[in-house]
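**Student:** Here you go, sequence then predicted model.
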Amino acid sequence: WHGGFGNGLHSLQIKIAKRAAQILKVGGRMVYSTCSFNPVENEAVVMSLMKATNGALRLVDVSNELPKLKRSNGLRDWQVWGKSNCRLNSVEEAHEKNEKVVASSMFPDKEFLDTIPIENCLRILPHHSDTGGFFVAVFDKVRELDPEVETQIENEAKGQESKKSKTREFSKYRGLGMAEVKCHFVYPPSSDSGDHVSLSLTVEQPKAPKKKYVRDPKDGTLLFVNAHGQDQTRPGRKGFDGVAPVNSSDVVDPINEKYGIHSFEIEKNCVTRTAEGNKPKRLYYVTPNLRQYIAADTRESLRITSIGLKVFERQNLVDDKDSYFGADSKVLSSCNYRLNQDGLFLTLPFMTKQAITITIPELLQILKLRGLALVENEPVPEGSKFTPRPSFTDSETRRQVESCSQGSLVCLLRDEDVQKLNAFRSEFAITCWKGKTSLNLLVSKVETEHLLEKLRAHVRDAPNATT
């Protein structure tokens, strides 16, 4: 996910709303609703629709309807974000940053918004009534649209239909594979200069698509193959992806010992997609009910494409190497499973080891620099443009880092800082990797940008927070 996902839908949503307004009878009512919180898909569309219809529509106040339904008012001001998760202040800035789909209609026109009751829109948030999130705007059509608006909408509709017809015309040729076209040229004698060169084309029959599965020559069971004929069947179960329990002490005991997570009960709550008998690559958390449901599938009739939330992942240590991502391989060999950021909110409450508390400035530095040094002069590989990073300045943080073993750990804000930011303990928890000379972030760049922006917003709203 990134901040620009909704931008690509904005123009289409406006066209749909305008078309609906065109075919709506005078005196009729139209409801525009989305399951998005993004103002670009919501208030910006309403603003553009009201501009285009020029008074033919009235934005209705429905605050007295369904009085027990909790809701918030529509926004008069909002931000536009791009696919690189940066805030955009204008169309010109967006185009400079290669945000091609960003349009002027996405930005709030404050002068126009002052002329319409945009607060009549409804924002239904999940915490209001323990539901999903929705946006609702209700319109009454009070007169016919202006002729020029009707013409514009008709032209837009025709343009969309022409694109669809081309798609349908060529879609029947999809999936036939590569066809070979042979060209045969016939040139006239030099004396017949007035004649034209003749050309004939021969199209050979395309090869039949390869089968998606074949029979195992040993026992006749189905094996799923890819386009190159390679077997894609998961080991352990032929014909579909299997799910296996995690009950090996060789896997469970080292994880429990390293992270002090015995009460998490991995054997009861986790499964793996690796075939039984092999060391699991990833461990997924599933609910007890789901685990029972899978266990009841004794006939193996379920085909499971994905399941659970990833909480641990195995590091592939190489025997002949002394280090692994800056950490001592001998130290890591006792437990080569690292924590996963996606499932951290599940594992964190049970962890009694490999968790440290840091200050707000240190958290900002880790997110900005993707880590901090553990030594005064962080080594730089020869020929690298890498800039050495600063080390931890807080003595308590340094003490906690030193007490943790190398490998995966969690960094948390201290309780007093969490209170200052009016946040939850797990909101700014991040997985990191401790090596011999540095502590590095194990969070994707996209999620790091989200955390940075969120942390800055909390700091802005908390005057007592220091950065």
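**Tutor:** All right, it came through fine.

**Student:** Pull the contacting residues for the residue nearest to Gly3 when sequence neighbours are not counted.
**Tutor:** Distance criterion C-beta to C-beta, 6 or more residues apart in numbering; nearest residue to Gly3, sequence neighbours excluded, is Trp81 at 3.2 Å. The way it works is simple: take the backbone N, C-alpha and C, and place the C-beta from them, glycine included. Contacts for Trp81 were tallied using C-beta atoms under 8 Å, 6 or more residues apart in numbering; they are 3-4, 87-88.

**Student:** Please report how far Met47 lies from Ser84.
**Tutor:** To Ser84, Met47 is 25 Å away according to C-beta to C-beta, to the nearest Å.

**Student:** Please identify which of these two sits among more neighbours.
**Tutor:** Met47 (23 against 14; other C-beta atoms under 10 Å).

**Student:** list the buried ones in the host helix or strand of that one?
**Tutor:** Element membership of Met47 [criterion: DSSP states H and E] is helix 43-53. Neighbour counts over helix 43-53 (16 or more other C-beta atoms under 10 Å) mark 43-50, 52-53 as buried.

**Student:** Let me see the backbone angles for the residue nearest to Gly3.
**Tutor:** phi -120, psi 150 (degrees, to the nearest 10).

**Student:** what helices or strands is the host helix or strand of Phe139 leaning on?
**Tutor:** Using DSSP H and E, Phe139 sits within strand 134-141. Other helices and strands packing on strand 134-141, by 3 or more C-beta pairs under 8 Å, 6 or more residues apart in numbering; DSSP states H and E, are strand 29-34, strand 57-59, strand 122-124.

**Student:** So Ser405 sits against Gln354, correct?
**Tutor:** Yes - between Ser405 and Gln354 there is a contact under C-beta atoms under 8 Å: 7.1 Å.

**Student:** Mutual contacts of these two, please.
**Tutor:** Overlap of the contact sets of Ser405 and Gln354 (by C-beta under 8 Å, 6+ apart) consists of Lys258.

**Student:** Have a look at these two and say which one is more surrounded.
**Tutor:** Taking other C-beta under 10 Å, Ser405 and Gln354 do not tie; Gln354 has more neighbours (22 against 16).

**Student:** Not counting its neighbours along the chain, what's nearest that one?
**Tutor:** Closest residue in space to Gln354, ignoring its immediate chain neighbours: Leu409 at 4.2 Å, by C-beta to C-beta, 6+ apart.

**Student:** Quick check: which ranges of the chain have low pLDDT?
**Tutor:** For the chain, the stretches with pLDDT under 70 are 1, 157-241, 318-324, 463-467.

**Student:** on that earlier part again, let me have the helices and strands packed on strand 134-141 in JSON lines, extended by distance to Asp342 and mean neighbour count.
**Tutor:** Output for these, formatted as JSON lines (distance: least, C-beta to C-beta, whole Å; neighbours: other C-beta atoms under 10 Å):
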{"stretch": "strand 29-34", "distance to Asp342": "26", "mean neighbour count": "15"}
{"stretch": "strand 57-59", "distance to Asp342": "40", "mean neighbour count": "20"}
{"stretch": "strand 122-124", "distance to Asp342": "27", "mean neighbour count": "20"}
